[in-house]
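1. here is a sequence together with a model predicted from it:
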Amino acid sequence: MTARRLVLLRHAKAEPARGEVPDDMRPLALRGRSQAGAVGKAFSSAALVPDVALVSTALRTRQTWELLSSRLGDPARVDLELRPELYEASVADVLALVRGLGPHVGTVLVVGHEPTMAATAAHLAGPGSDDAALAQVRVGVPTATWSLLEADAEWADWGRGGARLVEVSRPGD
């Protein structure tokens, strides 16, 4: 069996919160647009093209996906699922989505929000995890940062300490 890979990505930098725009409708800032494209380029270079992308329906996460996927070569081959539950998701919510993936899925990308993306990585990280990466997810991650986890288990069996946290990275690292 080949290892399954889970990539947990915090959306790119968004415009600051302002009273006139609901939080879930905040767009990416110019820096965020640049970050998202750089994430896509990094994913393509590292062969981290997902089979499935689970993306929060918040505007900033959708824009992050659109810009990064344009750098993946053939984004049409990625099964995109816009998931409203990812907007205010808990670790348990993310795990429920991951555990529902089919056996044909080798790599999944979740584009979501803090503190859930880092907390999910910390929850799943077990023996063999990179110490520096684990220290980072325990305190949270900046925008446009992804955590890569791997495990040989079926998706349905992913749980606390059951994966290796291989890296935490962001454009320019």
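-> Arrived safely.
2. which other helices and strands contact the longest helix anywhere in the chain?
-> Using DSSP state H to define each element, the chain has its longest helix at helix 30-45. Packing contacts for helix 30-45, counted by 3 or more C-beta pairs under 8 Å, 6 or more residues apart in numbering; DSSP states H and E, involve helix 59-69. Just so you know, the C-beta spots here come from the backbone N, C-alpha and C atoms, and that holds for glycine as well.
3. in the helix or strand following the helix it packs on, which residues are buried?
-> Moving toward the C-terminus from helix 59-69, the next helix or strand (DSSP states H and E) is strand 79-83. Buried residues in strand 79-83, counted by 16 or more other C-beta atoms under 10 Å: Leu80, Arg83.
4. strand 79-83 - what's its average pLDDT?
-> On average, the pLDDT along strand 79-83 is 97.
5. what does that strand rub up against?
-> Asp51, Val52, Ala53, Leu54, Val55, Ser56, Thr57, Arg62, Trp65, Ser69, Leu97 (C-beta atoms under 8 Å, 6 or more residues apart in numbering).
6. for the very next helix or strand once past it, which outside residues touch it?
-> Counting by DSSP H and E, the next helix or strand C-terminal to strand 79-83 is helix 91-99. Under the contact criterion C-beta under 8 Å, 6+ apart, helix 91-99 has outside partners 6, 8, 54, 83, 85-86, 108, 110, 112, 116, 119-120, 123, 155-159.
7. how about 6 Å then?
-> Leu54, Glu85, Ala119, Thr120, His123, Trp155, Ala156, Trp158 (C-beta atoms under 6 Å, 6 or more residues apart in numbering).
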